[in-house]
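# sequence and predicted structure below; questions after.
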Amino acid sequence: MKTLPCVLVLILLASMRLAAQEQTPMKSPTVRPNNAGPGRGERTGPQTGSFPASRGGRPYPGGPPRGNVPPAQRPGGAPLGSQGATAPSHVFARGDVEIVTFETEEEYDRLQELFLSSQNTHPEPSQMTTLYLRSATDGSVQPYTVRLPRDFSPDGKYPLVVQLHGTNFHETLSGSRTQYRGMGGPQWIEPDLPVIYAHCFGRANTFYRGMGEVDILEAIDEVKRRFPVDPDRVYLQGHSMGGCGTYTIGLHYPDRFGGLMPQDPAMGPMIKGPGTGGPTPEWMQPQVKIHSPESLYPNARNLDVFFKNAGAGIQRDSTEFTDGIVAQGGFSTVESFPGMPHSFGDRYAYANFVTELIQHPVQRHPAEVKFYTNTLHYNRAYWVTIDRLTRHNADALVVATCDENSGVAVKTANIDALTLRLEDSPAPKQGTLTVDGAAVVSGPLPPVAHLSKQSGAWTIGEWKGGPLVKRHGLQGPLDDAFNSCFLAVYGEGDRDLAIAELDAVRNPPSVLDIHGDFPMKAAARVTSQDVESSNLILFGTPESNAVLRRIAPSLPPALMQAGADGSRGIFIYPNPESPDRYVVVWPVKFLSVSSEALERNWIMPICLLPDYVRVKDGAAISGGHFDSDWKLNQD
């Protein structure tokens, strides 16, 4: 008798599950062995897939829409694409700050009340309860829901299952946060499991990138602060857009999670497709690549990833992503449910998968760490931290392996400095530490090893560089200014520019949007406290904006000056007056009038931008990244 391939077995198992469910009540899922690496059993191969064809290359869950969709207008007059919700921006004052938001003043004030009242809310076990947090980025109030287990005790320790929703194509923008109640119901919740569930808003439709990714991390931290979560048993599960977010957030931060479960994830071409206006510009490619599924395969080396595909949905019976993970030594399975549409939770509940997801804790001390990145924004996994890239916004990889007999071997690509926390690894006390084939330490291994490449050779010691260097938290690109506390600052006559561009950041002409309350001030009202605490998004020119005029001599002259063709530079740079914060110089309209090149994608336009672009007539005519010392690259 021949042995069936593992993926085929899983497809057959899914068929049997569905047939059984038609005749019997829903049961808790059968847990298959999911062992990867030493002591973890067989691995199966991979999975990926392509989106159904759609207008403008944009995927539509369940297939393309029927008929013609009339164009709409967004605030500011730029044409809206054929999908997505749009609503006018509201701008109103609170104290000395103006707020740019989808919300009416009444909804905004209601959110403040809900935040305050939720601080004293004590959720009842077995009930979905909406709570609120205040984001550290724009100060907005963001909702999330929790469900405590039936026999909840504050003295216990519980796994946390974070579940991410898919795209809502027909949302009402104003009031979405006050109305958010999570997903709830039997599709997602297995009521008998002793776990805490959290449903995250994710800023609505961001594909969980940029501020959407930050929202998930903030919600997880808030749930862990308020409830007895086992920090070694945190898991991500999501459908469609939420499946994509599960995968990318999980593999950007692999040491924070014990397992990932993308369900028919919307993981296909992020920006390419018919009618997209030509190839991806070179300056855009690093921002795309850090979110691309295939780039992140190495990061799943120590993290279980379970794909659940809809047989008639997006991924179908594809095994591409699972194959990619397994090829890097990780563990992944794919299970296809024949005939199931993209959204099949009403026919076979997603809750059935949770037991399988929560089987393994976070691996805190893996023997081998693999980590891919091209930015110091994502620079850490387990006991390895990348401190400096040779070339920023280019592919970098570290593979660090412990051997109990010989020591630690590290291989790097495009890395100039890193830190090994050997006390958190299974490295022996004595041995040899080699980096790229050269022995750096022989004998007792230090508990923490700072390594740097000086004159082409690796040595013990931290990197010795100038005062202005790219580092974690201060590495760009442009959208990173919106991922921590920020304040928009407009000059005299530049208020309309600020509102139009902030609105375009939040509400581009697509299905994507960012729900938040973007703060802004006139330059004349900016305080020293603002400068110290916030990234400053400076709209206008040195002639109109007093803050920009003050710091202009310390900013790159080539980008501050108008080009011979009349183009102007938009760029991010460390704030000369507050070196742990950014400034963004934004002198002209861009995103509010930009071309299809930035409006065609499943990545928010702001997340596609590099460190700097030169803009003429609303179009980016060139762009690029500063080097690792915040100098303009000449290549």
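Perfect, I can see it now. Numbers count the residues shown, from 1 in each chain.
# ok, which stretches of the stretch 101-250 of the chain are strands?
Taking DSSP state E, counting those that start in this stretch as the criterion, the stretch 101-250 of the chain carries its strands at 128-134, 141-147, 158-164, 196-200, 229-239.
# so where do the helices sit in the stretch 51-200 of the chain?
105-118, 176-179, 185-188 (DSSP state H, counting those that start in this stretch).
# out of those, the one nearest Ala439 is which?
helix 185-188 (52.2 Å; C-beta to C-beta). Using the backbone N, CA and C atoms, a C-beta is placed for each residue, glycine as well.
# residues of that closest one that come out buried?
Neighbour-count burial for helix 185-188, counted by 16 or more other C-beta atoms under 10 Å, picks out 187-188.
# surely Asn205 and Met241 touch.
Yes - between Asn205 and Met241 there is a contact at 7.2 Å, judged by C-beta atoms under 8 Å.
# just give the number of residues close to Asn545.
The tally of other residues near Asn545 (other C-beta atoms under 10 Å) stands at 28.
# please disregard the earlier target; I meant Thr432.
Counted with other C-beta under 10 Å, Thr432 comes out at 16.
# within its sheet, name the partner strands of the one helix or strand it maps to and how each one runs.
Here Thr432 sits within strand 430-435, counting by DSSP states H and E. Using DSSP bridges, the strands paired with strand 430-435 are strand 407-413 (parallel), strand 438-444 (antiparallel).
# centre of the chain versus it, how much separation?
35 Å (C-alpha atoms, centre = their mean, to the nearest Å).
# would you map the helices across the chain?
Secondary structure of the chain by DSSP state H: the helices cover 6-21, 105-118, 176-179, 185-188, 211-226, 241-252, 285-289, 320-327, 354-357, 495-506, 528-533, 546-551, 557-560, 605-608.
# what's the most buried one of these?
helix 241-252 (a mean of 27; mean count of other C-beta atoms under 10 Å).
# could you give the mean pLDDT of it?
The pLDDT scores in helix 241-252 average 97.
# what sits up against it?
With contacts defined as C-beta atoms under 8 Å, 6 or more residues apart in numbering, helix 241-252 is touched by 163-167, 202, 205, 207-209, 212-213, 216-217, 236-238, 256-257, 260-267, 290-291, 293, 296, 299-300, 303, 305, 321, 378.
# quick one, it and strand 229-239 angle?
130 degrees (axes from the mean of the first three to the mean of the last three C-alpha atoms, to 10 degrees).
# Met183 and Ala349: what is the separation?
The gap separating Met183 from Ala349 is 11 Å, by C-beta to C-beta, to the nearest Å.
# try Ala500
Taking C-beta to C-beta, one finds Ala500 at 45 Å from Ala349.
# same thing with Ile570?
Remark: distance between Ile570 and Ala349 (C-beta to C-beta) = 47 Å.
# the two: who's more crowded?
Ile570 (22 against 19).
# mind listing what that one touches?
So Ile570 contacts 478, 584-588, 590, 609, 612-615 (C-beta under 8 Å, 6+ apart).
# quick one on the thing from earlier: any chance of the strands of the stretch 101-250 of the chain in a markdown table, plus distance to Lys631 and mean neighbour count?
Output for the strands of the stretch 101-250 of the chain, formatted as a markdown table (distance: least, C-beta to C-beta, whole Å; neighbours: other C-beta atoms under 10 Å):
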| stretch | distance to Lys631 | mean neighbour count |
| --- | --- | --- |
| strand 128-134 | 37 | 20 |
| strand 141-147 | 37 | 24 |
| strand 158-164 | 39 | 24 |
| strand 196-200 | 39 | 26 |
| strand 229-239 | 38 | 23 |
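# output the strands paired with strand 430-435 as JSON lines; include the columns mean pLDDT.
Converted to JSON lines, the strands paired with strand 430-435 look like this (pLDDT from 0 to 100):
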{"stretch": "strand 407-413", "mean pLDDT": "98"}
{"stretch": "strand 438-444", "mean pLDDT": "97"}
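# now rank the contacts of Ile570 by neighbours and give me the top one.
Trp586 (30 neighbours).
# residue contacts, it?
Neighbours of Trp586 in contact, by C-beta under 8 Å, 6+ apart: 497, 501, 537-540, 570.
# out of those residues, the closest to Thr130 would be?
Ile537 (30.6 Å).
# pretty sure the closest one contacts Tyr490?
No - look at Ile537 against Tyr490 with C-beta under 8 Å: they stay out of range, at 9.1 Å.
# who touches both of these two?
Ala498.
# export the strand holding Thr432 as CSV, just CAs?
The C-alpha trace of strand 430-435 is given here as CSV (Å, rounded to 0.1, in the frame of the first residue of the first chain):
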residue,chain,number,x,y,z
GLN,A,430,32.8,27.0,26.9
GLY,A,431,33.4,26.9,23.2
THR,A,432,34.1,28.9,20.1
LEU,A,433,32.0,31.8,18.7
THR,A,434,32.5,32.0,15.0
VAL,A,435,31.0,34.7,12.7
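# average pLDDT for it?
98.
# which residues of the stretch 101-250 of the chain score low on pLDDT?
Judged by pLDDT under 70, the stretch 101-250 of the chain has its weakly predicted residues at 169-172.
# ok, back up a step: among the helices of the chain, which is nearest Val141?
Closest among those, once you apply C-beta to C-beta, is helix 105-118, at 4.0 Å.
# so which elements touch that closest one?
Under the contact criterion of 3 or more C-beta pairs under 8 Å, 6 or more residues apart in numbering; DSSP states H and E, helix 105-118 touches strand 90-94, strand 128-134, strand 141-147, helix 176-179.
# that helix relative to strand 128-134, how many degrees between them?
Using the same axes, to 10 degrees, helix 105-118 lies at 110 degrees relative to strand 128-134.
# what does helix 105-118 contact?
With C-beta under 8 Å, 6+ apart, helix 105-118 has contacts from 90, 92, 94, 99, 101, 103, 130-134, 140-141, 143, 174-175, 177-178, 517.
# quick one: neighbours of Lys631, just the number.
If we define neighbours as other C-beta under 10 Å, then Lys631 has 11 of them.
# that one and Tyr612, how far apart?
The spacing between Lys631 and Tyr612, counted by C-beta to C-beta, is 12 Å.
# returning to that earlier point: tell me the buried residues in the strand holding Thr432?
Quick answer for strand 430-435 (16+ other C-beta under 10 Å): 431-435.
# in the stretch 501-635 of the chain, what spans have low per-residue confidence?
Checking the stretch 501-635 of the chain against pLDDT under 70 turns up 595-597, 599-600, 634-635.
# so where do the strands sit in it?
517-522, 535-539, 568-575, 578-586, 612-616, 619-624.
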